[in-house]
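Q: okay, predicted coordinates and the sequence, questions at the end:
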Protein chains: 2
Amino acid sequence: MYIEETLHYYLDDLASAKPTPGGGSAAALSGAMGAALASMVCRITIGKGTYADVRQEIEELLRKTEYLRSRFQQLMQEDIEAYGHLSGSYKLPRETSEERKYRTDMIQQQLVEAALVPLEVVECAAELIQSCQKIAEIGSITVLSDIETGAILASCAGKGAAFMVHINVRSIKDDTLVIELENRLNTALSTIAEGVDQVTNRVRGRA
Amino acid sequence: MYIEETLHYYLDDLASAKPTPGGGSAAALSGAMGAALASMVCRITIGKGTYADVRQEIEELLRKTEYLRSRFQQLMQEDIEAYGHLSGSYKLPRETSEERKYRTDMIQQQLVEAALVPLEVVECAAELIQSCQKIAEIGSITVLSDIETGAILASCAGKGAAFMVHINVRSIKDDTLVIELENRLNTALSTIAEGVDQVTNRVRGRA
């Protein structure tokens, strides 16, 4: 579990020629950092008497951002595992026709898993951006630059993971599933694009 | 040094109400991840016989991306220290006129430091994006989605750190210095914006 390794160790492995960790896990970690910054802004707001009237709402937002952070942290590892399974299926024997059929089926199955994990990263990023919009509106004014950075990190998680969804989706042969995954991806990416602009506008409006 | 702590520990501290680590260090870590992914793509390319004709160029790019990664890793810590010094200067006594003058001078000095660190993050991100452009052109086609994610992480580092530059620059009283810092920031941000589009176009052109 990389989450229990040092930053140095993780970055060295990310920079190595090893197949994992790769871009998907880096995108998930970016999401976890965005969620952590959103949680920080919530906690600082809760600690200030002047924001007592929004306290309950901020506490709910904090529960949400901490849930998303733990999900991003898990997705970091799930991405590494899904990629490992996919690589493994490409290495299956293909001498007999039975072996070839089994290998093809396994590849298709693992491609779906390897697309679904980064897709969840994009969808979690969309949810995080929606929380950031609300936090930018009612959170403590002293840490608004941190919520902007949090929103940027969330959008980066979404965009980075989207490349990983694309690369796997384009080899999936089930057209109905491809359309469903692409629709989910596009919906989440739209939410992210609109959300980042709204966070920036709200912060500018209060600064 | 957070770089020697676990990811879990860093993210928990980032999410806490503690003043550091904050958005500046998260932006620097995003840059380190982008540089690591660029290095990974270089190393995978070097390992492939079919890319022997670009090997020397890729080796030079790898030296550059690994230098930038180590700089981002240091900037993570420098940002935490600069913020600590700035917070400390705001807490200096201000009862006598000498104390007030000393406090004001120290705050101004630390604001410059607290702006210069994230400014270097933005400038390193601009350099990284330029390396990513070249890697997207000549690197191994099998890992192009990773160089796109690397470029997105670099741009995220630049945009995220830019908010931290702004927040400190706007309290600096030396107008000549403010103009100089803003010019440096805008130059780096333009390089980043153009660079990300070029990486995406080059990857699309080769995919």
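A: Structure received.
Q: for residue A:165, which residues are in contact?
A: Residues counted as contacts of residue A:165 (C-beta atoms under 8 Å, 6 or more residues apart in numbering or on different chains) are A:115, A:118-119, A:122, A:181, A:185. Glycine gets a C-beta too; all of them are placed from N, C-alpha and C.
Q: between those residues, which has the most around it?
A: The most crowded member of these, judged by other C-beta atoms under 10 Å in any protein chain shown, is residue A:118 (34 neighbours).
Q: state the helix or strand in which that one lies.
A: helix A:97-138 (DSSP states H and E).
Q: quickly check: that helix near chain B or not.
A: No - Helix A:97-138 stays clear of chain B (C-beta under 8 Å from any C-beta of the partner chain), getting no nearer than 9.8 Å.
Q: could you list every helix and strand in contact with that helix?
A: For helix A:97-138, the elements it packs on are helix A:23-46, helix A:55-90, helix A:144-169, helix A:175-206, judged by 3 or more C-beta pairs under 8 Å, 6 or more residues apart in numbering or on different chains; DSSP states H and E.
Q: quick one, phi/psi of the residue of chain A positioned farthest from its centre?
A: When each C-alpha in chain A is compared with the mean C-alpha position (C-alpha atoms, centre = their mean), residue A:96 comes out farthest, at 39.9 Å. Taking degrees, to the nearest 10, you get phi -90, psi 170 for the backbone angles of residue A:96.
Q: next one: residue A:6
A: For residue A:6, the backbone dihedrals (degrees, to the nearest 10) come out as phi -80, psi 160.
Q: so what's the residue count around it?
A: 18.
Q: which residue, other than its chain neighbours, is closest to it?
A: Ranked by C-beta to C-beta, 6 or more residues apart in numbering or on different chains and with sequence neighbours excluded, the top spatial neighbour of residue A:6 is residue B:4, at 5.4 Å.
Q: next, the contact list for the one you found, please.
A: A:6-8.
Q: need those residues in JSON lines with pLDDT and distance to residue B:177, can you?
A: JSON lines is the format used below for these (pLDDT from 0 to 100; distance: C-beta to C-beta, whole Å):
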{"residue": "A:6", "pLDDT": "97", "distance to residue B:177": "37"}
{"residue": "A:7", "pLDDT": "97", "distance to residue B:177": "33"}
{"residue": "A:8", "pLDDT": "96", "distance to residue B:177": "34"}
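Q: what pLDDT does residue A:145 get?
A: The score at residue A:145 is 89. That number is its pLDDT.
Q: okay, buried residues for whichever strand or helix holds residue A:11 please.
A: Using DSSP H and E, the element containing residue A:11 is helix A:7-15. Under the neighbour-count criterion of 16 or more other C-beta atoms under 10 Å in any protein chain shown, helix A:7-15 has A:7, A:10-11, A:13-15 buried.
Q: ok, and of these, which contact chain B?
A: Restricting the buried residues of helix A:7-15 to those near chain B - C-beta under 8 Å from any C-beta - leaves A:7, A:10-11, A:14-15.
Q: show me the contacts for the residue nearest to the spatial centre of chain A.
A: Centre of chain A computed as the mean C-alpha position; nearest residue by C-alpha atoms, centre = their mean is residue A:121, 2.8 Å away. Going by C-beta under 8 Å, 6+ apart, residue A:121 touches A:24, A:27-28, A:31, A:72, A:75, A:79, A:157-158, A:161.
Q: among the residues you listed, which two are most distant?
A: Maximum pairwise distance in the contacts of residue A:121, criterion C-beta to C-beta, is 14.0 Å, between A:79 and A:158.
Q: quick one, which of those two is more surrounded?
A: For residue A:79 and residue A:158, the more surrounded residue by other C-beta under 10 Å is residue A:158, and the numbers stand at 31 against 27.
Q: buried sites along stretch A:102-111?
A: Buried, per 16+ other C-beta under 10 Å, within stretch A:102-111: A:103, A:106-107, A:110-111.
Q: mind putting these into TSV with pLDDT?
A: Listed next are the buried residues of stretch A:102-111 as TSV, based on pLDDT from 0 to 100:
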residue	pLDDT
A:103	97
A:106	97
A:107	97
A:110	97
A:111	97
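Q: can you tell me which of those is nearest chain B?
A: Checking the buried residues of stretch A:102-111 against chain B with C-beta to the nearest C-beta, the nearest one is residue A:111 at 13.8 Å.
Q: gap between the closest one and residue A:90?
A: Per C-beta to C-beta, to the nearest Å, residue A:111 is found 10 Å from residue A:90.
Q: wait, what's in contact with residue A:107?
A: A:86, A:89-90, A:171.
Q: one more time with 7 Å
A: A:89-90 (C-beta atoms under 7 Å, 6 or more residues apart in numbering or on different chains).
Q: repeat that for residue A:153.
A: Taking C-beta under 7 Å, 6+ apart, one finds A:30, A:33-34, A:37, B:26, B:30, B:156, B:160 in contact with residue A:153.
Q: one more time with 8 Å, if that's ok
A: If you count contacts by C-beta under 8 Å, 6+ apart, then residue A:153 has A:30-31, A:33-34, A:37, B:26-27, B:30, B:156, B:160 around it.
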